[in-house]
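Colleague: curious how this folds, go ahead:
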Amino acid sequence: MRAYALHGLHLAVSGWQDAVEALHGRLAGLPHGPLDNLVPDLTFEIEAVAGAGLERPERSRPVYDPPHGEVLYDDERDLLYIELGAGLRALCEPGRGRARLVSLGGEAEDLWTLSHPLFTLPFVELLKRRGLYHVHAAGLALKGRGLVLPGTSGSGKSTLAVALARAGFGFLGDDALFLAKRRGGVGILAFPDEVDLTDQTVAFFPELAPLLDSPPRGGWRKRQIRAEETYGAEVVWECEPALLVFPRVSGREASKLTPIGEDEALFELAPNVLLTEPASSQAHLDALAELASASRCYRLETGRNLEGAARMLRDLMDGTSS
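Modeller: This next block holds a predicted model:
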């Protein structure tokens, strides 16, 4: 078993050792150690089994459409069921704070999918029920104020996160952030995961070239660094929102920023909400709306000059501090 602390919650992960260790790669940036007789708020049990695995709920509806598989929700029993590929299953009981993850083959090639999407989907649902609302985004901070970079895979958010960390920004996360309601509005909470980088992104940063000397881990699609270790970036555990910037890779040399309205920004953020239990799903949407309302919102066409992009965003952040 491994135990972690996350914004007032205690998480315990146990079971198949290889999977527990793979998941630790993601969670090692959180405070971790023995539970000291505390009862965990959230538990993940990971199994490598032969046979049928978890039973698919009969009365369920789709709430997300992954590339290979299905994500279903049973309203009557409050169950989230996930099936990814031929051999990975998860069953989450959000109200009870627990999830089971199963690999039917126990193959090393399953470990990336198991420790990333198969873990993330129940994880964000469990946190949603406890007032922490997920945003699929990178997050950086400057002078106590947050820059949120939402985007799907391929949008360039990890590349920007590295460029900003090496430029001296504080680090909240590469791929996931959480929002929490605060007295003065909404707060952005860190999830300091590993930063996943393609070989193309690694090639932008000379200091990362040694990563290319060996192949990625079996089953891993990208290479990993920790911003805290590679760049000495300070983990900023919580900050207030300042900028909400939606990046995409332009292919041009220089980057271009275009202001957008908060309604357009909320439209882009809305797919973060899994439409499961109605009250918590509405609260998630409300938190995203508060994030958009509290931020200056932009689209960023990111150019090849990443140092220029970092300067542009720093100047924009400096302009929000008055």
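Colleague: Phe205 - how many residues pack around it?
Modeller: 18 (other Cβ atoms under 10 Å). From N, CA and C alone the C-beta is placed, and that goes for glycine too.
Colleague: tell me the pLDDT of it.
Modeller: Looking at Phe205, its pLDDT is 95.
Colleague: so what's it up against?
Modeller: Under the criterion of Cβ atoms under 8 Å, 6 or more residues apart in numbering, the neighbours of Phe205 are 162-163, 166.
Colleague: just the buried subset of these, please.
Modeller: With burial judged by 16 or more other Cβ atoms under 10 Å, the buried subset of the contacts of Phe205 is 162-163, 166.
Colleague: in helices only, show me these.
Modeller: Here DSSP state H is the test, and the buried ones among the contacts of Phe205 give 162-163, 166 as lying in helices.
Colleague: ok, and the closest non-adjacent residue to Gly15?
Modeller: Leaving out its chain neighbours, the residue that sits closest to Gly15 by Cβ to Cβ, 6 or more residues apart in numbering is Ile46, at 3.7 Å.
Colleague: that neighbour sits in which helix or strand?
Modeller: Ile46 is part of strand 42-48 when elements are defined by DSSP states H and E.
Colleague: residues in contact with that strand: which ones?
Modeller: Residues from elsewhere that reach strand 42-48, judged by Cβ under 8 Å, 6+ apart: 9-16, 18-20, 23, 97-103, 105-106, 114, 119, 122-123, 126-127.
Colleague: at 7 Å instead, please
Modeller: For strand 42-48, contacts defined as Cβ atoms under 7 Å, 6 or more residues apart in numbering pick out 9, 11-16, 19-20, 97-103, 106, 126.
Colleague: would you map the helices across this structure?
Modeller: Using DSSP H, helices in the chain cover 17-27, 111-115, 117-128, 157-166, 199-202, 227-230, 262-269, 278-294, 306-319.
Colleague: pick the most buried one from those.
Modeller: helix 157-166 (a mean of 25; mean count of other Cβ atoms under 10 Å).
Colleague: average pLDDT for that one?
Modeller: Mean predicted lDDT for helix 157-166 stands at 96.
Colleague: helices and strands around that helix, which ones?
Modeller: strand 137-142, strand 145-150, strand 195-197, helix 306-319 (3 or more Cβ pairs under 7 Å, 6 or more residues apart in numbering; DSSP states H and E).
Colleague: if we go to 8 Å?
Modeller: strand 137-142, strand 145-150, strand 195-197, helix 199-202, helix 227-230, strand 238-249, strand 296-302, helix 306-319 (3 or more Cβ pairs under 8 Å, 6 or more residues apart in numbering; DSSP states H and E).
Colleague: got the contact list for Ser280?
Modeller: Contact partners of Ser280, counting by Cβ under 8 Å, 6+ apart, are 128-129.
Colleague: and it, what pLDDT?
Modeller: For Ser280, the predicted pLDDT is 98.
Colleague: separation between it and Asp74?
Modeller: As defined by Cβ to Cβ, to the nearest Å, Ser280 lies at a distance of 15 Å from Asp74.
Colleague: likewise Val135?
Modeller: From Val135 to Asp74 the distance is 26 Å (Cβ to Cβ).
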